[in-house]
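Q: Have a look; sequence and predicted model below, questions after that.
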Amino acid sequence: MDLLRRRLLARGFAATLGLVGALGSAPSLRAEPASIVVASTTSTEQSGLFKHLLPAFEAKSGIAVKVVALGTGQALDAARRGDADVVLVHDRPAEDKFLAEGFATQRRDVMYNDFVLVGPKADPAGVKGSDVVAAFTELAGAKAPFVSRGDRSGTHSAELRTWKDAGIDLAAVRGDWYRDVGQGMGPALNAASALNAYILADRGTWLAFKNRGELAILVEGDKRLFNPYGVMLVNPAKHPSVKVKEGQAFIDWLVSPEGQGAIAGYRIGGEQLFFPSAAH
Amino acid sequence: MLQTLQETAMRLSTLDRDVVAIAWLSLRVSLSAVAIGLVLGIPIGAILAVTAFPGRAALVGLLNAFMGLPPVIVGLVLYLVLSRSGPFGSLGLLFTPIAMVAAQAVLATPLVAALTRQVVADAEAHLGEQLRSLGLSAPRRALALIHDTRFSLVTAALAAFGRAISEIGAVLVVGGNIDGHTRTMTTAISLETQKGDLSLALALGLVLIGIVVAVNAVAALLRGHAARAYG
Amino acid sequence: MPSLHCENLGLRLNGTTILDGLDAVIPPAGVTALIGPNGAGKSATLRVIDGLIPPTSGRMRIIADGPVRRAFVFQRPALVRASALANVALGLVPLKLPRTEREARSHAALARVGLAHRARDPATRFSGGEQQRLALARAWAVEPDLLLADEPTANLDPAATELVEGLIADMAARGTKVVLVSHNLGQVMRLAADVLVLARGKAVEHGPARAILTSPQRPETRAYLSGELPWTSFAAAS
């Protein structure tokens, strides 16, 4: 090795080793002794619920919970590929299908919140009230600006069910007034705020949402807006990599009196976002 | 707008430990990706500059095109590769910082290689004949030219760092934006924007810009110092 | 020592004929000067001899007892952004010497060209004369069988020129075959034993230096030599 080459290589190696060393020695980059991946929905993440719940569970169990926030459909797909240990989602028909395919063996009720129809305070379409089906009929009739999640999420499924309940063939009537944004709850609310449009949202994300503009809740309290969340452990028979013990511990804690109490205790501006519903 | 700016200023002064941890993770992930990109990209670019073989022009064209590789595509492909159902699923790397480093390294390497090829080819035009007449092998000529252009190559490293730290498509898909584990500056900014907390998003954006400016300033200082000491 | 057989060399680059059937046998000892007008093909011939450019037609044969160690010194020294020592050592890499030996030889070569005290300085900061001395130190360190020098003093002042000429003469005396391209006819007289005159890509005349420079036989040679500027200034002559 000559002078030139030795010096260059030595410097290169030193720099690379230094960086890789800094990377490897950092605690969060090493594999945790015990951690699980929970595929969940944007509504639970963006409403701030997990930030409220997880420290209590992690302190008690020593298990780190990594939440990947996706739409319900994407979350279930990630679990189908084996990329999550636990799913916490809110779309009952999709959850039942997941169970029927054998990707999970048991579903537990965890909590519920409800959907609300949000729209311009001035309510140009005149939908204010407590009947969401009547409100959707009005919206379609008036072709009032409406923002749809369009991302196969639980909220998107609930919206599509409501159009169906109102006897509206969306494919036939949709036009410029119907904006399909294909994004999570937050971005969809941002879009609705910018367009001053109507939108179906989950109450939790709405309460935590800060960029409301002229929007307000117009329809709430309809029992058809009930939004239940279920939790499932991914079937280890399908994916042996699933961390059964840790995943089950998380589920058991969520439905325990302690976990249920923590869910009930999460409030924004004094308002409760999620209501525990685990059967004992 | 004015109100958002005022709030941003306030948020900047009260940024908590979480933000420091997120910034530190972003910095480590992107610097590691750049280190890998340099180790792989500089030799590839230099060898392409000093050798001639059939198909070289096509390879260089491909490399130049790969400088503009869409991060979200890289993220998606890496997601499928690292998914439990994918070929490397058993490694359990999905949703880890290592996966994010890998994704950004895929973005950084062709950028470094293409810029290195350009810089080394310019030096080769001046020094190539002499190096060949000394009887040096192609790898040895490449090494001498890398040494000759080392100050210019800092620019390639900075370009790769800029691309890595500012991208969101790849880290979001393979990292999953997990709070406390794989949340970077860009995914955090995106999340806060989605939550409608625009002033916090803007405050985080200013921190990110600060990081980029600081890294560039440090590199410029080191480069200037080295160049003064060693023409 | 190597003898160099240029056999009907032809070279075309980008549609231009550079060498057009050049035939010459360059003897194995001493300094051979290549002279001729610009565009005659002198630099191209050096590069073909070195193997830097393959001829388009014809054949370049180097006949010697064993492998021929070559060194090339260019009109503009090509130095890497590194120390003077590293630049000299770079030329010794293909010799695969032990590191201590390589450094010792590099230091000795720097001492020979009077740059020992600047071994650690960045080569690209050197003056033009120092850079060319450094390039010659690199060639010197290799202990070549064949030195190809392409107008090595064209950019140098008289003092630096004298130093470089001394080095070339020294290397020739040590047994290195030297092929020198130069427009400096005084330099050719001082250094070269034989002269090869090129014109339009052909060898037109080859013989002892004194004979060619004092009584050229070919019109091309006469035309080239008569173009040399007089010693007296134009103003004084008129």
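A: Arrived safely.

Q: Which residue ranges of chain C form helices?
A: For chain C, the helices defined by DSSP state H occupy C:42-50, C:84-92, C:99-112, C:128-142, C:158-173, C:185-191, C:209-214, C:219-226, C:234-237.

Q: Show residues contacting the first one.
A: Contacts of helix C:42-50 from elsewhere in the structure, counted by CB atoms under 8 Å, 6 or more residues apart in numbering or on different chains, are B:129, B:133, C:4, C:6, C:9, C:11, C:18-19, C:22, C:34-36, C:53-55, C:60, C:62, C:70, C:72, C:146, C:148, C:150, C:179, C:181, C:198, C:201. C-beta: built from backbone N, CA, C; applies to glycine.

Q: before we move on, back to that, which among the helices of chain C is found nearest to A:T205?
A: Taking CB to CB, helix C:84-92 is the member of the helices of chain C nearest to A:T205, at 63.2 Å.

Q: Pull the distance from the closest one to the chain's centre.
A: On the basis of CA atoms, centre = their mean, to the nearest Å, helix C:84-92 sits 19 Å off its chain's mean C-alpha point.

Q: for the nearest residue to B:A201 once chain neighbours are set aside, what are its contacts?
A: Distances taken as CB to CB, 6 or more residues apart in numbering or on different chains put B:E192 closest to B:A201, at 3.9 Å, once the chain neighbours are dropped. With contact taken as CB under 8 Å, 6+ apart, B:E192 is in contact with B:198, B:200-201, B:204.

Q: before we move on, the earlier item: what's the most buried one of the helices of chain C?
A: Using mean count of other CB atoms under 10 Å in any protein chain shown, the stretch among those with the largest mean neighbour count is helix C:84-92, at a mean of 27.

Q: Contacts only, for C:V179.
A: C:4, C:26, C:31-32, C:34, C:46, C:49, C:146-149.

Q: Repeat the analysis, applying 6 Å as the threshold.
A: C:32, C:148 (CB atoms under 6 Å, 6 or more residues apart in numbering or on different chains).

Q: Repeat that for C:A154.
A: Taking CB under 6 Å, 6+ apart, one finds C:Q75 in contact with C:A154.

Q: now the one 10 residues further on
A: Neighbouring residues of C:V164 by CB under 6 Å, 6+ apart: C:152-153.

Q: residues near residue 113, how many?
A: Since no chain was named, I'll use chain A. For A:N113, the neighbour count with other CB atoms under 10 Å in any protein chain shown is 27.

Q: right idea, wrong chain: chain C
A: With other CB under 10 Å as criterion, C:V113 counts 23.

Q: I figured it hits C:R138, correct?
A: No - using CB atoms under 6 Å, C:V113 is not in contact with C:R138; the gap is 9.5 Å.

Q: Pass me the low-pLDDT residue ranges in chain B, would you?
A: Applying pLDDT under 70 to chain B flags residues B:1, B:14-15, B:230-231.

Q: one more time with 80
A: By pLDDT under 80, the low-scoring segments of chain B are B:1-18, B:228-231.

Q: now do the stretch 151-280 of chain A
A: Applying pLDDT under 80 to the stretch 151-280 of chain A flags the ranges A:279-280.
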